[in-house]
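Peer 1: What shape does this take:
(2 chains)
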2 protein chains.
Amino acid sequence: MEKMDLQAFDTDAALRERAAKVIPGGMWGHQNSARLPAGYPQYFTRGEGCRTWDANGRSYIDYMCAWGPMILGYSDPDVEAAAARQRAEGDGFNGPTPRLVELAELVVDTVSHADWAMFSKNGTDATTACVTTARAGTGRRKVLVARGAYHGAIPWCTPSVAGVTEEDRAHLVQYDYNDVASLEEAVALVKGDLAAIIATAFKHDLGKEHILPTREFAQAARRLADEADAALIVDDVRAGLRLDLGGSWDLVDVKPDLSAWSKAIANGRALGMMTGNDRFREAATKIYTTGSFWTAGVAMAASIATITKLRDCDGIGRMKSAGQRLRDGLQAQADRYGLPLRQSGPVQMPVFLFEGDGDRELGNRFCLEALARGVYFHPTHTMFLSVAHTDAVIDETLQVTNEVFKAIA
Amino acid sequence: MEKMDLQAFDTDAALRERAAKVIPGGMWGHQNSARLPAGYPQYFTRGEGCRTWDANGRSYIDYMCAWGPMILGYSDPDVEAAAARQRAEGDGFNGPTPRLVELAELVVDTVSHADWAMFSKNGTDATTACVTTARAGTGRRKVLVARGAYHGAIPWCTPSVAGVTEEDRAHLVQYDYNDVASLEEAVALVKGDLAAIIATAFKHDLGKEHILPTREFAQAARRLADEADAALIVDDVRAGLRLDLGGSWDLVDVKPDLSAWSKAIANGRALGMMTGNDRFREAATKIYTTGSFWTAGVAMAASIATITKLRDCDGIGRMKSAGQRLRDGLQAQADRYGLPLRQSGPVQMPVFLFEGDGDRELGNRFCLEALARGVYFHPTHTMFLSVAHTDAVIDETLQVTNEVFKAIA
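Peer 2: Below is the predicted model:
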């Protein structure tokens, strides 16, 4: 009886039960909580700064930031004000609003390799437009992609092969990230037919250690693309605006020809972006890429406010400082309790793995114990800090993780 | 001197000049005003009901509805209120909001063939997910598409071939819409490898007469898909919710297995949708299709409000009645002035062409004269009425078109 009453108040479970009837498998894609250890919530009802509330009313310090977008935190007042102002004027029309021009100008002013920008709705829209533009500009077909890299979720790039034909990937050739020899081999293999080399901002494959590009690798990619008169594409969808406002490969002093952006560029509103240099300007006019909502003004107003605020408040500096504080604190705790925590990736986009934890037992337990204490980590995917993750929030998190380490030690 | 002063106030021209520097060709895609006769505005700043205002402050009775989405009119108060309520709770999180379940339930309750629904951001996301699901479910590859049909803007379907490889379309086979024999031929051609037949809600190819599906054609498509154990997909992206809330092919009593939706389903907010029947439920769990913003709650709250209002106010009946009034009025005027106007398509989604007007001189002139008098028509693309196009608005439009016919007669 008591159990039934409790269940009656489990809104998340009730929603899942209803969803199972009207959504295949109850949920799809990366947000499907079936991909997480049992215990994670599926539905959410509120967000404020670095905190989210699930459908059962439990709150968390959130280290996923809606899988990246919330770079200034949920409901950032400056972004919301800019979006509300634009909403009052209007969003989608028969053509764009003036925000399109203002945003493109801001992007060209901010992103070091960008002479121009085009907008869309998804990260996949942006990566696909980059590849198509590279092919249109070079008149060639082959695209070199790093083994295990994620570039989106349509047949040419989606991780599942269900419904994908061989031809969808006929012109992709794989190389190993940060491995110059493997990249050279791949280039040699496609001789004369190289359209592009595409690389994520850093190596952030699911469930694997995250690794920044070496300067040697990035420079080799630039040189090999140049020698073949092909495009170098950086997929900055996941990392864009968190590592360097000028583009993530500014960190290694390499400028791509084209780059793909999405996630954080409008602090949560749906926006994708392709930026490019003048070499590919004409090619970008030849492809046909478009969508019903791609010029909507509200997301663009939000993006202008997001980029401007990140610039003005040293957003990246603040995320790095908070991320370092978290990393140092966690490492000290892991050492104290003798647990083989292995943190990797940029401190503002970390992944936490445990050595010898092939079945993820330790990682899952670590995350579930943290979740039960109000901290939302992900056991295998890149996590995301935001500007709303202050030192006080990090310290609150570290108090929780101290309890977590103690519990699992 | 006077001319210069006037130009100084031409905000649209000033924006285009700035855009030319930071956007390839100044604009991309279907909203590029270079695709329209000179004289059309590029930038917009306000919308209210059936009216839009361009960046120069000129207002129009709008027969494009932002290329379809604004089915209840710009800034519909009920949709805006629902969206604002959800915005106050939140939009994107680590998982969906309860609106996902409510919307999927409403869709299953409304769309006659739908046992389930999945959501995305673009029409192209939805058509691509349908094709991928059909292939995953059948284990086959070939997809039959009607010659000249538009299904989106990524390599497998985009109208331009720039940047597209032969392999992107290796498994597409063409047939002619409403031509049973050509469909049968296409089916015979791919014998044993048929994954899907895809058809738009009606034939609405650019610059061509718009034609509803014949009952014979739709039934043949259903039968041929059944005989081959393949999927019948209706692409309802453009027409969805304007012809029949249950799905456009309810008009001809044929139920598809899968259908793709977008444009009008959230009255302007970015949302795409795939609906399907139980035969393809498991296949839909196998494909991997996802995006950073696909479960955002605000667009879903807007969609719930949109579908509910259309249902409650007999939105389709109202659009049909207004569309018929416009069609009858225009025909009487064209006859009176002896001009060979040829209206086609459903009255709520018309296209206006002129007989023997191969170079579009008459059609362009008709549209430009209307534009100059405050009515925004499109010379070659499907147009869209909304619930905000009342009888009074139609009569106001007909007063303008009477002047237009007089001017060009």
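Peer 1: Is stretch A:12-22 positioned near chain B?
Peer 2: Yes - for stretch A:12-22, a contact with chain B is found by Cβ under 8 Å from any Cβ of the partner chain, at A:Leu15, A:Arg18, A:Ala19, A:Lys21, A:Val22. All C-beta spots, glycine's among them, are computed from the backbone N, C-alpha and C.
Peer 1: Which of those residues fall in helices?
Peer 2: Among those, DSSP state H puts A:Leu15, A:Arg18, A:Ala19, A:Lys21, A:Val22 in helices.
Peer 1: Where does the stretch 251-400 of chain A get nearest to chain B, residue-wise?
Peer 2: A:Thr290 (2.8 Å; Cβ to the nearest Cβ).
Peer 1: residues near A:Gln348, how many?
Peer 2: By other Cβ atoms under 10 Å in any protein chain shown, the residues close to A:Gln348 number 27.
Peer 1: confidence score at it?
Peer 2: Per-residue pLDDT puts A:Gln348 at 98.
Peer 1: A strand includes it, no?
Peer 2: No - counting by DSSP: H, G, I helix; E, B strand; the rest coil, A:Gln348 is not found in a strand; it is coil.
Peer 1: Surely it touches A:Arg318?
Peer 2: No - look at A:Gln348 against A:Arg318 with Cβ atoms under 8 Å: they stay out of range, at 9.1 Å.
Peer 1: ChimeraX command for the buried members of the residues of stretch A:12-22 next to chain B?
Peer 2: Entered in ChimeraX, the line below selects the buried ones among the residues of stretch A:12-22 next to chain B, by 16 or more other Cβ atoms under 10 Å in any protein chain shown:
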select /A:15,18,19,22
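Peer 1: want to throw the residues of stretch A:12-22 next to chain B into JSON lines with pLDDT and distance to A:Gly39?
Peer 2: Output for those, formatted as JSON lines (pLDDT from 0 to 100; distance: Cβ to Cβ, whole Å):
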{"residue": "A:Leu15", "pLDDT": "98", "distance to A:Gly39": "16"}
{"residue": "A:Arg18", "pLDDT": "98", "distance to A:Gly39": "20"}
{"residue": "A:Ala19", "pLDDT": "98", "distance to A:Gly39": "18"}
{"residue": "A:Lys21", "pLDDT": "98", "distance to A:Gly39": "23"}
{"residue": "A:Val22", "pLDDT": "98", "distance to A:Gly39": "24"}
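Peer 1: Look through the stretch 1-150 of chain A and state the residue closest to chain B.
Peer 2: Closest to chain B within the stretch 1-150 of chain A is A:Gly29: 2.8 Å, counting by Cβ to the nearest Cβ.
Peer 1: which non-adjacent residue is nearest that residue?
Peer 2: Nearest in space to A:Gly29, with sequence neighbours left out and distances taken as Cβ to Cβ, 6 or more residues apart in numbering or on different chains, is B:Thr290 at 2.8 Å.
Peer 1: Let me see the contact set for A:Leu245.
Peer 2: A:Thr110, A:Val111, A:Ile307, A:Leu310, A:Arg311, A:Ile316 (Cβ atoms under 8 Å, 6 or more residues apart in numbering or on different chains).
Peer 1: Please tell me how far it sits from A:Arg318.
Peer 2: According to Cβ to Cβ, to the nearest Å, A:Leu245 stands 13 Å off from A:Arg318.
Peer 1: re earlier: burial count for the residue of the stretch 1-150 of chain A closest to chain B?
Peer 2: With other Cβ under 10 Å as criterion, A:Gly29 counts 19.
Peer 1: In terms of helices and strands, where is it?
Peer 2: Assigned by DSSP states H and E, A:Gly29 belongs to no helix or strand.
Peer 1: distance of it from B:Gly123?
Peer 2: Separation of A:Gly29 from B:Gly123 (Cβ to Cβ) stands at 18 Å.
Peer 1: What of A:Lys203?
Peer 2: From A:Lys203 to B:Gly123 the distance is 33 Å (Cβ to Cβ).
Peer 1: For these two, indicate the residue with more neighbours.
Peer 2: In this view A:Lys203 and B:Gly123 are compared by other Cβ under 10 Å, and B:Gly123 has more residues nearby, 29 against 22.
Peer 1: ranges for the strands of chain A?
Peer 2: A:44-48, A:51-54, A:59-62, A:116-120, A:142-146, A:172-175, A:194-200, A:231-235, A:258-261, A:272-276, A:341-344, A:351-354, A:375-376 (DSSP state E).
Peer 1: Kindly present these as TSV, with separate columns for mean pLDDT and distance to A:Leu103.
Peer 2: Below are the strands of chain A laid out as TSV (pLDDT from 0 to 100; distance: least, Cβ to Cβ, whole Å):
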stretch	mean pLDDT	distance to A:Leu103
strand A:44-48	97	24
strand A:51-54	98	27
strand A:59-62	98	27
strand A:116-120	98	7
strand A:142-146	98	28
strand A:172-175	98	31
strand A:194-200	98	24
strand A:231-235	98	20
strand A:258-261	98	12
strand A:272-276	98	9
strand A:341-344	98	33
strand A:351-354	98	31
strand A:375-376	98	31
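Peer 1: So A:Trp261 sits against A:Asp236, correct?
Peer 2: Yes - the pair A:Trp261 / A:Asp236 is scored as a contact, 5.2 Å apart, by Cβ under 8 Å.
Peer 1: can you list residues touching both of these two?
Peer 2: Shared contacts of A:Trp261 and A:Asp236 (Cβ under 8 Å, 6+ apart): none.
Peer 1: quick one: buried residues of stretch A:329-342?
Peer 2: Quick answer for stretch A:329-342 (16+ other Cβ under 10 Å): A:Gly329, A:Leu330, A:Gln333, A:Ala334, A:Leu339, A:Leu341.
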